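> any chance you could fold what I've pasted below:
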Amino acid sequence: MTRALFIGRFQPFHNAHLVDVRNILKECDEIIIAIGSSQEKHTLENPFSYSERKRMIESVLKKHKIKSCKIYPVPDLYNDRKWVDYIKKNLPRYDYVYSGNQWTLKCFRKHDSKARKIRLIRGISSTRIRNMIIKNKNWEKLVPKEIVDFVTKIDGIEIIKRNCHLQ
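From the prediction side, this is the model:
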């Protein structure tokens with residue numbers, strides 16, 4: 001059985017992340033979804049808490065009948081080696097690491113892992129979605145319906161807008 005580590009901040013989880021999960025499951029039997037910056041919340045770059053992001057992702061996976069995923073928190077440690085060591089020690093064993101973040105890929109490639117870059121989908125990123133929310137643009141088409149529902153339910157639009165003014 002092959003297991004992948006898919007690491008990101010998922011602020012919020014969007015349609016490209018869902019495509020990534022499906023594509024990874026074509027290559028691996030199981031995915032560990034590692035939510036990075038897990039200690040962060042209520043900032044412009046990290047508006048949602050770990051538990052909110054976990055619940056968002058779980059709702060999408062359930063709706064799309066994707067069962068081969070487990071979700072774990074990964075805090076920032078501000079030291080590449082310690083961060084990779086933390087993941088290796090505290091998360092289940094994995095065979096491959098998937099990410100769209102160059103820094104993440106560099107960390108894992110430098111410290112003994114098979115890292116694979118996910119194919120980014122032009123026009124879809126969590127940063128763009130947050131900026132669209134701030135500017136009252138139509139962001140809903142870039143995320144699964146479950147994310148729209150969740151963000152609305154927790155007043156996530158207001159959370160993002162409030163934090164953009166604090167920066």
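
> how about the contacts made by the residue lying closest to Val143 once chain neighbours are set aside?
What sits nearest to Val143 in space, not counting adjacent residues and going by Cβ to Cβ, 6 or more residues apart in numbering, is His14, at 4.7 Å. Backbone N, C-alpha and C define where each C-beta goes, glycine included. Shown here is His14, whose contacts under the criterion Cβ atoms under 8 Å, 6 or more residues apart in numbering are Ile124, Ser125, Ser126, Ile129, Leu142, Val143, Pro144, Ile147.

> just Glu52 next, same as before
By Cβ under 8 Å, 6+ apart, the contact set of Glu52 is Lys41, Phe150, Ile154, Gly156.

> all helices for the protein, in order.
Per DSSP state H, the chain has helices spanning 15-27, 50-63, 80-90, 102-110, 126-134, 145-153, 156-164. These are given in chain order.

> which one among the contacts of Glu52 gets closest to Asn163?
Nearest to Asn163 out of those is Lys41 (Cβ to Cβ; 9.4 Å).

> how many neighbouring residues does that closest one have?
Lys41 sits with 17 neighbouring residues when counted by other Cβ atoms under 10 Å.

> cool, the one 10 residues further on as well?
For Ser51, the count of nearby residues is 12 (other Cβ under 10 Å).

> cool, Leu61 as well?
The number of residues packed near Leu61 is 21, by other Cβ under 10 Å.

> in a markdown table, list the helices of the chain along with mean pLDDT.
Shown next, in a markdown table, are those (pLDDT from 0 to 100):
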| stretch | mean pLDDT |
| --- | --- |
| helix 15-27 | 97 |
| helix 50-63 | 98 |
| helix 80-90 | 95 |
| helix 102-110 | 91 |
| helix 126-134 | 96 |
| helix 145-153 | 97 |
| helix 156-164 | 91 |
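
> can you tell me which two in the contacts of His14 are farthest apart?
Every pair in these was compared (Cβ to Cβ); the two farthest apart turn out to be Ser125 and Pro144, at 15.2 Å.
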